[in-house]
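Trainee: take this sequence and fold it.
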Amino acid sequence: MTTLPRASAVCVMDACSAARVIDEVLLAADERHRRRVVLTGARGTSFLLDLPHATVLRHGDGLVLEDGSIVRVVGKPEPLLEISAASAAEVARLAWHIGNRHTEVQIVGERLRIRRDHVLEQMLRGLGARLAPVEAPFEPESGAYHQHGHHGHNVHNHHQDDHPA
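Mentor: Purely as a prediction, here's the structure:
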């Protein structure tokens, strides 16, 4: 039985790590909160993602394999609704209404993005929002009570091991 290569660290991509990318794995937002799962990249690289803690993988992150090669995480485009308003105060009010419905939201500059939902679209139109359907990777905010994420203790830069504490 062949053992799959293992990825046990996540790195933020830079020019150095970009040169070591051997494949990409395409994942929707719901598929990017992981700890342990077998994944297969677009070029056929199969590997075991085996992280110490459940981690939110972001579009552009690198999954570092045991041999130092990297599989880049690519956010799968999803049907989203982009929300804007006449002022920052209006966007904040819309964000409050979205949050009051416990809906995941992504902040993109002065706009908000949510997954397409006809009930929320109707509510937002009634509140005066400007709405535009988009297809893009979804990167929702992780929330105050859900800190396992991109900047948490469980995300490692592959250079950490070169400099022991």
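
Trainee: SS state for Val119?
Mentor: helix (DSSP: H, G, I helix; E, B strand; the rest coil).

Trainee: measure it to Ser46 for me?
Mentor: To Ser46, Val119 is 40 Å away according to CB to CB, to the nearest Å. (Glycine included, C-beta is placed from N, CA and C.)

Trainee: residue contacts, the closest residue to Val37 other than its chain neighbours?
Mentor: Nearest non-adjacent residue to Val37, counting by CB to CB, 6 or more residues apart in numbering: Leu49, 5.3 Å away. Neighbour list for Leu49: Ala7, Arg34, Arg35, Arg36, Val37, Val38, Leu39, Leu63 [criterion: CB atoms under 8 Å, 6 or more residues apart in numbering].

Trainee: check Val73 too.
Mentor: Here Val73 is in contact with Glu24, Val25, Leu27, Arg32, Leu57, Arg58, His59, Gly60, Asp61, Gly62, Leu63 (criterion: CB under 8 Å, 6+ apart).

Trainee: helix or strand for the second one, which one?
Mentor: Yep, that's Val25 we're talking about. strand 21-27 (DSSP states H and E).

Trainee: mean confidence for that strand?
Mentor: Mean pLDDT, computed over strand 21-27, is 97.

Trainee: for that strand, name the packing helices and strands.
Mentor: Counting contacts by 3 or more CB pairs under 8 Å, 6 or more residues apart in numbering; DSSP states H and E, strand 21-27 packs against strand 33-40, strand 62-65, strand 70-75.

Trainee: beta partners of the residue nearest to Val37?
Mentor: For Leu49, the beta-bridge partners are Ala7, Val37 (DSSP bridges).

Trainee: re earlier: of the helices and strands packed on strand 21-27, which is nearest Ser142?
Mentor: strand 33-40 (9.0 Å; CB to CB).
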